[in-house]
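[1] Have a look at this prediction, sequence included:
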Amino acid sequence: MTPREWRCEALDAMGPRALYRVLKLRSEVFVVEQQCIYLDPDGLDEDAWHLQGLGEDASGGEIVLAYARLLAPAFSSPGHGVPGTPGAHASPATAPPPASQPAARIGRVITAPSARGTGLGRTLMQEALAACARLWPDVPIELGAQAHLRDFYGSFGFVAVSDVYDEDGIPHIDMRRESAAR
């Protein structure tokens, strides 16, 4: 399955149906499939850019095949509820120290179950990095990766900046890429 269109837009531009489709996919995977009971709408969506890979279902309706949430450096600094930072899911003892330069953040990275195994995750990350480079040129990017995906994100230039920590029962590791423009 290949997206017919990529959109990167602020919440105000999405419209209620698009927002519903994004939140539904996030809940299907992060809450139900991964069995993590947590409040997914965490207050950051209103200030984020929402990258969506859109396709069509069997009846011709629009579906979200891939998604990532992009946060500006001002909203991804420690204390803003970003996983892996103090005040979020990770305990302060396991969270990394604040980076010297604020970074953009890619989060809520997801590929729909129907599109897995197609290489769409790699395309999604390429689109996310390109969007970050357009929105915040020459700014580092961080993400909180599930630990088993460390090599996947490493293939995009991300390096570990924390030890593995538990987030909602799933091992995670914080990673950083020094520039969105690379």
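    Perfect, thanks for sending it.

[2] The one residue sitting closest to the centre of the chain pairs with what?
    For the chain, the residue lying nearest the average C-alpha position, counting by Cα atoms, centre = their mean, turns out to be residue 107 (1.9 Å). Following DSSP bridges, residue 107 is listed with bridge partners residue 69.

[3] just checking, it touches residue 144?
    Yes: contact status for residue 107 versus residue 144: in contact at 6.8 Å, counting by Cβ atoms under 8 Å. Yep, even glycine has a C-beta here, placed from its N, CA and C like the rest.

[4] Just confirm residue 173 is within a strand.
    Yes: checked against DSSP: H, G, I helix; E, B strand; the rest coil, residue 173 lies within a strand.

[5] Pairing partners for it in the sheet, please.
    Applying DSSP bridges to residue 173 gives these bridge partners: residue 145.

[6] Next: residue 63.
    residue 55.

[7] So it sits against residue 24, correct?
    No: with the criterion set as Cβ under 8 Å, residue 63 and residue 24 do not qualify as a contacting pair; they are 9.7 Å apart.

[8] ok, the two, which is more surrounded?
    More neighbours sit around residue 63 than around the other of residue 63 and residue 24, counting by other Cβ atoms under 10 Å; the figures are 20 against 12.
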